[in-house]
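Enquirer: requesting a structural model of the entry that follows:
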Amino acid sequence: MGAQEAKGPGMTVKAFDEVCFNEKVGVVHGPVSTQFGEHLILITKRTGEEEKAMVSYFHLPHVWRSNKMDSLEDLALCNSLHDMLLHTN
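Expert: Numbering: from 1, shown residues only. Okay, the predicted model is just below:
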């Protein structure tokens with residue numbers, strides 16, 4: 001899992017940016033697909049005139065691209081990661 005980091009607009013790839021600056025704070029979003037794989041993203045806050053988002057994220061392996069939660073095991077793993085993100089901040 002990535003440490004909690006401040007991200008400004010344009011600091012990440014478009015799909016990641018769109019979640020950081022358009023989605024609800026305090027909610028785990030995803031899986032979000034980028035060229036680097038799948039990610040679960042928790043936005044913990046947004047601040048300042050030069051908008052910054054504080055985010056924690058978990059990178060899921062590329063193998064998830066082909067599976068996209070097509071089984072109960074995938075769904076259970078996603079739920080476990082969701083809970084882990086919420087309880088580590």
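
Enquirer: what strand or helix carries residue 15?
Expert: Element membership for residue 15 (DSSP states H and E) is helix 14-22.

Enquirer: give me the pLDDT for residue 67.
Expert: Turning to residue 67, the model gives it a pLDDT of 47.

Enquirer: quick check: which ranges of this protein have low pLDDT?
Expert: By pLDDT under 70, the low-scoring segments of the chain are 1-3, 49-50, 60-79, 81-82, 84-89.

Enquirer: if we use 90, what do you get?
Expert: Along the chain, segments meeting pLDDT under 90 span 1-12, 16, 20-21, 25-89.

Enquirer: longest strand of it?
Expert: strand 37-47 (DSSP state E).

Enquirer: direction included, what does that strand pair up with?
Expert: Taking DSSP bridges as the criterion, strand 37-47 sits next to strand 28-34 (antiparallel), strand 52-60 (antiparallel) in its sheet.

Enquirer: and residue 43, which of these is closest to it?
Expert: Nearest of the strands paired with strand 37-47 to residue 43, taken as CB to CB: strand 52-60 at 5.4 Å. Placement of C-beta: from N, CA and C, glycine included.

Enquirer: just the CA trace of that closest one, in PDB.
Expert: Taking Å, rounded to 0.1, in the frame of the first residue of the first chain, the C-alpha atoms of strand 52-60 are listed here in PDB:
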ATOM      1  CA  LYS A  52      -4.300  18.900  -2.900                       C
ATOM      2  CA  ALA A  53      -5.800  15.600  -2.100                       C
ATOM      3  CA  MET A  54      -4.400  13.400   0.700                       C
ATOM      4  CA  VAL A  55      -4.700   9.800  -0.500                       C
ATOM      5  CA  SER A  56      -3.800   6.300   0.500                       C
ATOM      6  CA  TYR A  57      -3.900   3.600  -2.200                       C
ATOM      7  CA  PHE A  58      -3.300  -0.100  -2.700                       C
ATOM      8  CA  HIS A  59      -1.900  -1.300  -6.000                       C
ATOM      9  CA  LEU A  60      -3.500  -4.500  -7.300                       C
END
